[in-house]
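Visitor: No letters, just coordinates:
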């Protein structure tokens, strides 16, 4: 367990200024607004009474035009992510507002439990988004470093070699080897030793195998990492997600700040509806342990254990978009449930009375801001905006004391007693 | 009806740069994040096929520290506001992201219908927030200007006198009169004529009365304003909110850009729980018609009718806070429904299995990240964080194949068959 200590506020300031970039919008012709990348940082600093850690939603990376349809899709994705975080006890989900209460208090937790929860959260989100089959590669930074050491990589080359290894998901081993030997001056036999490791991936059995590995088992760091991975797999099995996780020694994650377990989720196949061009989106979620990152702000060098995961909402957004484009799915930009229409002139007053009744019953309702709109215009509006129900009031209905309820999809109309029409609509909405 | 025309995009850019200020956070010790002021701008530019206008949520004014409790309260207020906007067909509710599709398209609507809806929205929000009794003052900028003209105020003094009139909600008439005459050099008899008007307020009957007013009825502008107010009151009556609206000739709203109907909501009494100090919060919502604001960006000088309302979330926030402080109400910062606990050592595995079942059933669940936490610590955590239910697994439960479900409030415990415990929890949650 790392030692824990108090952090100076300026340290948090600098850390947080990295974590938090406020959304902004500039208006150059079309309105551009930064698209969201939700990042949950689950800190493991717990109070004496074991306060639940926070999730922090990190705000946008990159920008793109967002049409109302885009916005709705993106909001649905973010809602799913956020509801998953809340299911796991998240607080301070507001973007960009969030809270930091539980930061200058030291505490401790037992190994791998939050790490396992992070992976569970990843699985829940990726399953929930129905992006198709996925796999989460895990490794441990200490195993990577240990592997380099026992293979005879000079420490000065660790970083350079690390970045080569990272390319194995896009490049063949022979090309990576070539880069390491020719471009980065690594001895061929060292490269080959690395090759034996980085082409291995599997489940907990591979962890056991590496424990027996004559070279790796001699390295203290690597053994620590393997020990944690073994415990992690135990918890992942109890969570019922071990089959989604692959111990992959080629996973290096260039990021310097990871210090322990690292993971990266990849889609095994992009959804391939007919006519959809294959997508290469790379990893859609990633994370790991970065105790050091916080520690480096501490004058005493104390470390604060942190595990974090980040969901590539932008990439996921792109996949969902592509799929919807293929399917020709329509996205509603409003939630309006009922439209108030009339076939005759001079029925504004009746429409206003009806729509007020609907609003007062909590029903989402619209009407046109016209005294005498054409019925066709009103029905077209419902079809173009996807409003499912129309209530129609005209001379005949007024005379008979009824309201016509029309289903936009089936175009069926039924007359309901005026005093019952709200209840009837609530019934239909609850059934749909 | 104002003429309508296309607006150059740069015009919208400049308008929107005023409307939209991105939230941001700086980290100086405590994290400060800008508190929200939700502003809905309902534009009346409709497509040929009568596209529904947008609401635009305007982002923060002012800053303040937000604790997690504050955040939860503020989020609840914003949720109520936003759900009301959605009930009225709002789209692009994302903050700060929003959409402007339906802005470079001209259209038109019939008078006072969106204005009436804005006032209905105000009433729904203020009633929903249960802030106590409120009143919405309405007036029309053209009536104010007409009043000044017929009273003999030189046009050069309109603005100065307007700002004096605006003070009538805080100052007595004689003091306002003194300011107008002594400080602003208005002829005493002119001031007295104004006094006869600005001390009037009432319902639609006052509108009728002003139609008959010998002076005001001579002024074309004022008559236009009165005509619109009469129509507005007709619609407000149909919406069932006329009793909440008061025609008040002292309402001037210093803002230059209002061109027609103006309104301002005030709390008639702040909630006065025992021991609560009286609050003076001024107006909690306001708005009006500002066709000119947009028009002034248009090279052709074309006007685009706009009605807008803004909810003083910051002030409302303060009121709700004060009330809760008095009541000593506790705010939950997480939504966790179930806590997984154990009274014995070495039950981490069972806890992990149980919590995974809960998560997989969509239940919000937490446990402590400890191998062997003390039962008292676990129960204290539930009480301090307001988690309503605890599931307990120990040796006895394991032996009998049951799970204990404990109600944190009543401290009652019942044993449920292991295979039924999720269903039982779902039943309890749906009942609560």
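Guide: Happy to help now that I have it. Quick caveat: nothing in here was measured; it's all calculated off a predicted structure. Residues are numbered from 1 along each chain as shown, chains lettered A, B, ... in the order given.
Visitor: Residue A:288 falls within a strand, correct?
Guide: Yes: when DSSP: H, G, I helix; E, B strand; the rest coil is applied, residue A:288 is found to be in a strand.
Visitor: neighbours of it, just the number please.
Guide: Number of residues near residue A:288 (other C-beta atoms under 10 Å in any protein chain shown) recorded here: 26. Quick note: C-beta positions are derived from backbone N, CA and C, even for glycine.
Visitor: Kindly state the pLDDT recorded for it?
Guide: pLDDT for residue A:288: 85.
Visitor: Excluding covalently adjacent residues, which one is nearest to it?
Guide: residue A:262 (3.7 Å; C-beta to C-beta, 6 or more residues apart in numbering or on different chains).
Visitor: ditto for residue A:236
Guide: In space, and not counting its chain neighbours, residue A:236 is closest to residue A:242: 4.5 Å by C-beta to C-beta, 6+ apart.
Visitor: got the contact list for the one you found?
Guide: By C-beta atoms under 8 Å, 6 or more residues apart in numbering or on different chains, the contact list for residue A:242 reads A:203-204, A:233, A:236.
Visitor: do the same with residue A:172
Guide: Listed by C-beta under 8 Å, 6+ apart, residue A:172 has no contact partners.
Visitor: now it: how far from residue A:247?
Guide: Note on residue A:172: its distance to residue A:247, by C-beta to C-beta, to the nearest Å, is 21 Å.
Visitor: Next, give phi and psi for the residue nearest to the spatial centre of chain A.
Guide: Nearest residue to the geometric centre of chain A (C-alpha atoms, centre = their mean): residue A:311, 3.5 Å. Main-chain torsions, residue A:311, degrees, to the nearest 10: phi -100, psi 130.
Visitor: Dihedrals phi and psi, the closest residue to residue A:80 other than its chain neighbours?
Guide: Nearest residue to residue A:80, sequence neighbours excluded (C-beta to C-beta, 6+ apart): residue A:128, at 5.2 Å. The phi/psi pair for residue A:128 (degrees, to the nearest 10) reads phi -60, psi -40.
Visitor: burial count for residue A:128?
Guide: Counted with other C-beta under 10 Å, residue A:128 comes out at 14.
Visitor: Let me know whether it touches residue A:84 as I believe.
Guide: Yes: Residue A:128 is within contact range of residue A:84, at 6.6 Å (criterion: C-beta atoms under 8 Å).
Visitor: The stretch 251-400 of chain A: helices as residue ranges?
Guide: Under the criterion DSSP state H, counting those that start in this stretch, helices of the stretch 251-400 of chain A are mapped to A:291-295, A:313-327, A:348-360, A:375-385, A:395-400.
Visitor: looking at the ones you listed, which is closest to chain B?
Guide: helix A:348-360 (4.1 Å; C-beta to the nearest C-beta).
Visitor: other SSEs contacting the closest one?
Guide: strand A:338-341, strand A:365-366, helix A:421-431, helix B:113-128, helix B:220-238 (3 or more C-beta pairs under 8 Å, 6 or more residues apart in numbering or on different chains; DSSP states H and E).
Visitor: Give me the contacts around the first one.
Guide: Surrounding strand A:338-341, the residues in contact under the criterion C-beta under 8 Å, 6+ apart are A:351, A:354-355, A:358, A:363-367, A:373, A:375, A:378-379, A:381-382, A:387-393, A:425.
Visitor: swap in the shortest one?
Guide: Where contact means C-beta under 8 Å, 6+ apart, the residues beyond strand A:365-366 that reach it are A:334, A:336-340, A:355, A:358-359, A:387, B:52, B:87-89.
Visitor: The same query, at a cut-off of 10 Å, please.
Guide: Strand A:365-366 is contacted by residues A:334, A:336-341, A:354-359, A:378, A:381-382, A:385, A:387, A:389, A:391, A:425, B:50, B:52, B:87-90, B:117 when judged by C-beta atoms under 10 Å, 6 or more residues apart in numbering or on different chains.
Visitor: Which residues are in contact with the residue of the stretch 151-300 of chain A found nearest chain B?
Guide: In the stretch 151-300 of chain A, the residue that lies nearest chain B is residue A:238 (4.1 Å; C-beta to the nearest C-beta). Shown in contact with residue A:238 (C-beta under 10 Å, 6+ apart): A:116, A:120, B:348-356.
Visitor: Thought residue A:252 was touching the residue nearest to residue A:288, still the case?
Guide: Yes: counting by C-beta atoms under 10 Å, residue A:262 does reach residue A:252; the two are 7.9 Å apart.
Visitor: The two - which one has more neighbours?
Guide: Set residue A:262 next to residue A:252 and count neighbours by other C-beta under 10 Å: residue A:252 wins out with 27 against 24.
Visitor: Apart from its neighbours in sequence, what residue is nearest the more buried one?
Guide: Closest residue to residue A:252 apart from its sequence neighbours, by C-beta to C-beta, 6+ apart: residue A:165 at 4.3 Å.
Visitor: hang on, the one you found in a helix?
Guide: Yes: counting by three-state DSSP, residue A:165 is found in a helix.
Visitor: so what's it up against?
Guide: Neighbouring residues of residue A:165 by C-beta under 10 Å, 6+ apart: A:139, A:144, A:147-148, A:176, A:180, A:194, A:197-198, A:249-254.
Visitor: Could you rerun that using 7 Å?
Guide: A:176, A:198, A:250, A:252 (C-beta atoms under 7 Å, 6 or more residues apart in numbering or on different chains).
Visitor: From residue B:358, how far out is it?
Guide: 39 Å.
Visitor: and what of residue A:195?
Guide: Counting by C-beta to C-beta - residue A:195 and residue B:358 are separated by 44 Å.
Visitor: Residue A:321 now?
Guide: Computed with C-beta to C-beta, the distance linking residue A:321 and residue B:358 is 33 Å.
Visitor: neighbour-wise, which of those two wins?
Guide: Per other C-beta under 10 Å, whichever of residue A:321 and residue B:358 has more neighbours is residue B:358, with 23 against 15.
Visitor: for that one, what are its contacts?
Guide: Counting by C-beta under 7 Å, 6+ apart, residue B:358 has contacts B:338, B:365, B:422.
Visitor: is it true that residue A:306 touches residue A:261?
Guide: No: in this structure residue A:306 lies outside contact range of residue A:261 using C-beta atoms under 7 Å: 11.6 Å.
Visitor: what touches both of the two?
Guide: Residues touching both residue A:306 and residue A:261 comprise residue A:289, with contact defined as C-beta under 7 Å, 6+ apart.
Visitor: number of nearby residues for the closest residue to chain B within the stretch 301-432 of chain A?
Guide: Across the stretch 301-432 of chain A, the shortest distance to chain B (C-beta to the nearest C-beta) belongs to residue A:369, at 3.7 Å. Per other C-beta under 10 Å, the neighbour tally for residue A:369 reads 24.
Visitor: What is the burial count for the closest residue to it other than its chain neighbours?
Guide: Using C-beta to C-beta, 6+ apart and skipping residues adjacent in sequence, the residue nearest residue A:369 is residue B:109, 3.7 Å away. By other C-beta under 10 Å, the residues close to residue B:109 number 19.
Visitor: Ok, residue A:193 next?
Guide: Neighbours of residue A:193 (other C-beta under 10 Å): 18.
Visitor: on that earlier part again, got a quick ChimeraX command for the buried subset of the contacts of residue A:242?
Guide: What follows is the ChimeraX syntax selecting those of the contacts of residue A:242 that are buried according to 16 or more other C-beta atoms under 10 Å in any protein chain shown:
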select /A:204,233,236
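Visitor: could the contacts of residue A:242 be laid out in JSON lines, adding pLDDT and distance to residue A:223?
Guide: Formatted as JSON lines, the contacts of residue A:242 follow (pLDDT from 0 to 100; distance: C-beta to C-beta, whole Å):
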{"residue": "A:203", "pLDDT": "94", "distance to residue A:223": "19"}
{"residue": "A:204", "pLDDT": "94", "distance to residue A:223": "16"}
{"residue": "A:233", "pLDDT": "98", "distance to residue A:223": "16"}
{"residue": "A:236", "pLDDT": "97", "distance to residue A:223": "20"}
